[in-house]
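Chemist: For reference, the sequence and a predicted model appear below.
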Amino acid sequence: MRTALTWLALIALGAAGGWLARGPADDAGADPEKVEFNERVRDWRLQARSQQQQWPILTCNLVIAEDRLSGRIYLPSAPRLPTYFFTNEAGDFSLLVPPDSTSGELIIAGHAPRPVQWSVSGLDAHCTESPIELVPGEMVVRGRVVNSDGHPEPHATVSGCGDPGLTQEAEFWLSGIPSACELIATTNKGHLLVESDPVSVEFSPGSDLFLELVVRESTGGGIGLTGSQSHDGFAVLSVAQGSPSQLAGIAEGDIITEIDGVDATLMGSRDFERRLSGASGEPIVLVVKRDGGTPQTHRLTRAPEQTTR
């Protein structure tokens, strides 16, 4: 029975991500961002399949008026994990979730995003509310991201209320959960991640808010590297000359599998960058693997921004 449910969950995961029956040729001429997303979904598919005996299957039930619905559960601890699902006609759905997760945001087009929680028992997980009532409509927040001088920050990410929103020409749009929450904008300054002060918002059905988020100037430190998400962690893309990472012997192509004891496969890109950044002089512990060899532990100290570029 579990094997059948596992494959149903994997089929839902793959079909929503668009990788079922896809090959490299299918991406020819496609939008680069879409190609990158599809590759990331395929990476997660491989990881989910390799870990399916360890990851619990979450089962939930929705009250639906339509024959079927599709959506996803957004996990703050793993924002890039493609936790998509399709319901059957009775509103039931199943999907694989990380074993240490117990809550997330239910995101369904045409309905207000809402928080959900679940309990885990071994390899089975169940939503604590069943069936789950959906609220029609969307609760929208719009705005723009600027720096302390009032100039636009076109490459920021806005998160904290439902799905993360990427800015287009420094403007963003996202649906919010039907409750109070805090929005925060993040962007990169060199190898550091900088943030805005959080802004509290409270949504009501049909609300349409416009906010301005101001990204602070960087005063922290970093370790002087950039990385790209892969199925087993984050691959190091660049290492700054004279940075703590270079002095520790970390090189391009290495795979970071843990940061301060946290599994890097459960991190999104922004979470990864946020964990690398911090106050100058603060320690950070990385577990790094090279060429498939034995993971090595590196203890580094964050340095001021100007020494990590």
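Modeler: Cool, got the structure.
Chemist: Arg144 contacts Phe172, correct?
Modeler: Yes. Arg144 is within contact range of Phe172, at 7.1 Å (criterion: C-beta atoms under 8 Å). In this view, the C-beta of every residue, glycine as well, is placed from N, C-alpha and C.
Chemist: pLDDT below threshold where in this protein?
Modeler: Along the chain, segments meeting pLDDT under 70 span 1-53, 79-80, 82, 137-139, 161-169, 175-180, 188-193, 203-208, 218-219, 305-309.
Chemist: Now do the helices in it.
Modeler: Using DSSP state H, the helices of the chain run over residues 2-17, 32-50, 244-247, 269-276.
Chemist: picking that back up, so which of Arg144 and Phe172 has more stuff around it?
Modeler: Phe172 (23 against 20; other C-beta atoms under 10 Å).
Chemist: how near is the more buried one to Val116?
Modeler: From Phe172 over to Val116 the distance is 24 Å, taken as C-beta to C-beta, to the nearest Å.
Chemist: domain ranges for this protein?
Modeler: According to automatic domain parsing, the chain comprises the domains 2-127, 140-215, 221-307.
Chemist: got these as TSV, with distance to Glu133 columns?
Modeler: TSV is the format used below for the domains of the chain (distance: least, C-beta to C-beta, whole Å):
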stretch	distance to Glu133
domain 2-127	5
domain 140-215	11
domain 221-307	29
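Chemist: can you list contacts of the longest strand belonging to the chain?
Modeler: The longest strand of the chain (DSSP state E) is strand 180-189. Under the contact criterion C-beta atoms under 8 Å, 6 or more residues apart in numbering, strand 180-189 has outside partners 141, 145, 153, 155-161, 167, 172, 193-203, 211, 213, 215, 218, 270, 273-274, 305.
Chemist: 7 Å instead?
Modeler: Strand 180-189 has contacts (C-beta atoms under 7 Å, 6 or more residues apart in numbering) with 141, 145, 153, 155-161, 193-196, 198-202, 211, 213, 215, 218, 270, 273-274, 305.
Chemist: Count the residues that sit near the closest residue to Val262 other than its chain neighbours.
Modeler: Of all residues not flanking Val262 in the chain, Arg275 sits nearest, at 7.1 Å (C-beta to C-beta, 6 or more residues apart in numbering). Counted with other C-beta under 10 Å, residues neighbouring Arg275 total 17.
Chemist: is it true that Arg275 touches Ile259?
Modeler: Yes. Assessed by C-beta atoms under 7 Å, Arg275 is found in contact with Ile259 at 4.6 Å.
Chemist: just to revisit the earlier point, what pairs with the longest strand of the chain, parallel or antiparallel?
Modeler: strand 157-159 (antiparallel), strand 192-195 (antiparallel), strand 199-202 (antiparallel) (DSSP bridges).
Chemist: Kindly reformat these as a markdown table containing distance to Ile184.
Modeler: Formatted as a markdown table, the strands paired with strand 180-189 follow (distance: least, C-beta to C-beta, whole Å):
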| stretch | distance to Ile184 |
| --- | --- |
| strand 157-159 | 6 |
| strand 192-195 | 6 |
| strand 199-202 | 7 |
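Chemist: can you tell which of those strands is closest to Ser238?
Modeler: Among the strands paired with strand 180-189, the nearest to Ser238 by C-beta to C-beta is strand 192-195 (13.7 Å).
Chemist: buried ones in stretch 275-294?
Modeler: Of the residues in stretch 275-294, Arg275, Leu276, Ser277, Gly278, Ile284, Leu286, Val287, Val288, Lys289 count as buried by neighbour count, 16 or more other C-beta atoms under 10 Å.
Chemist: hang on, the earlier thing: buried subset of the contacts of strand 180-189, written for ChimeraX?
Modeler: Buried residues among these (16+ other C-beta under 10 Å), as a ChimeraX selection:
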select :141,145,153,156,157,158,159,160,161,193,194,195,196,199,201,211,213,215,218,270,273,274,305
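Chemist: ok, what's across the strand from Val199?
Modeler: Taking DSSP bridges, one obtains Leu183 as the residues bridged to Val199.
Chemist: What distance do you get for it to Val158?
Modeler: Applying C-beta to C-beta, the value for Val199 to Val158 is 10 Å.
Chemist: Need the residues touching each of these two.
Modeler: Shared contacts of Val199 and Val158, defined by C-beta under 7 Å, 6+ apart, are found at Leu183, Leu213.
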